[in-house]
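Novice: Next come a sequence and a model predicted from it.
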Amino acid sequence: MLVDGRGAAVAETAETPETLGTAGAPGTAGTPGTAGTAGTAGTVAGSGKPSAEAGLHARVVRLTGAGAVVHVHTVAAVAMGRRRPGGIVFRDLEMLKGLGLPAEGTAVRLPVIANSQDMDALGERLEAAREPRMPAVVVAGHGLYVWGADLLQARHHAEVVQWLLELEVASGRG
């Protein structure tokens, strides 16, 4: 299981860096054959229909060099985005190793950005708030975007970040 969320979108670069697949149907995250294709500008380049956020997926790929982007709508992401609109800081946790960071002596911020239906505006917010050591961002009131070198790594990062968010919710901090 990727993460428990209502609906998900997956974007993965295809054989060329100019193409990006997306899927918007609930419960299809990472399921082979469910992704349509979209160019790095978020426009349809093949069969299928990209998710509404395809432009943001494409922006993440261009900005980070990611090979895949996972987007989920989880309660923990929305709740923590409300509790900490300035970002969520994680420190001294073993799970940070899942993001390639040391477990001790390190703090990293998960950015929270205001939502918008304008994917260009949302992309600008993501670019301004991005923390290079954190392969994720929370879109307030919406969900979590996570990326990696490929779909396997993006899914792994999503599970790690989701675990960190759930810990914060359970601890009542914020």
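Specialist: It's in. Numbers count the residues shown, from 1 in each chain.

Novice: Touching, Asp92 and Gly105? I think so.
Specialist: Yes. Asp92 lies in contact with Gly105 (C-beta atoms under 8 Å); the separation is 7.2 Å. Backbone N, C-alpha and C define where each C-beta goes, glycine included.

Novice: Of these two, which one has the most company?
Specialist: Per other C-beta atoms under 10 Å, whichever of Asp92 and Gly105 has more neighbours is Asp92, with 11 against 8.

Novice: With Leu101 as the reference, measure out to that one.
Specialist: 11 Å (C-beta to C-beta, to the nearest Å).

Novice: How about Arg155?
Specialist: 18 Å.

Novice: Same check on Ile113?
Specialist: 21 Å.

Novice: Kindly report the same for Gln162.
Specialist: 16 Å.

Novice: Between the two, tell me which one has more neighbours.
Specialist: Taking other C-beta under 10 Å, Gln162 and Leu101 do not tie; Gln162 has more neighbours (21 against 18).

Novice: which residues sit in contact with the more buried one?
Specialist: Val3, Val72, Thr74, Ala76, Ala77, Leu144 (C-beta atoms under 8 Å, 6 or more residues apart in numbering).

Novice: just Ala136 next, same as before
Specialist: Counted by C-beta under 8 Å, 6+ apart, Ala136 has contacts Leu110, Leu144, Tyr145, Val146, Trp147, His157, Ala158, Val161.
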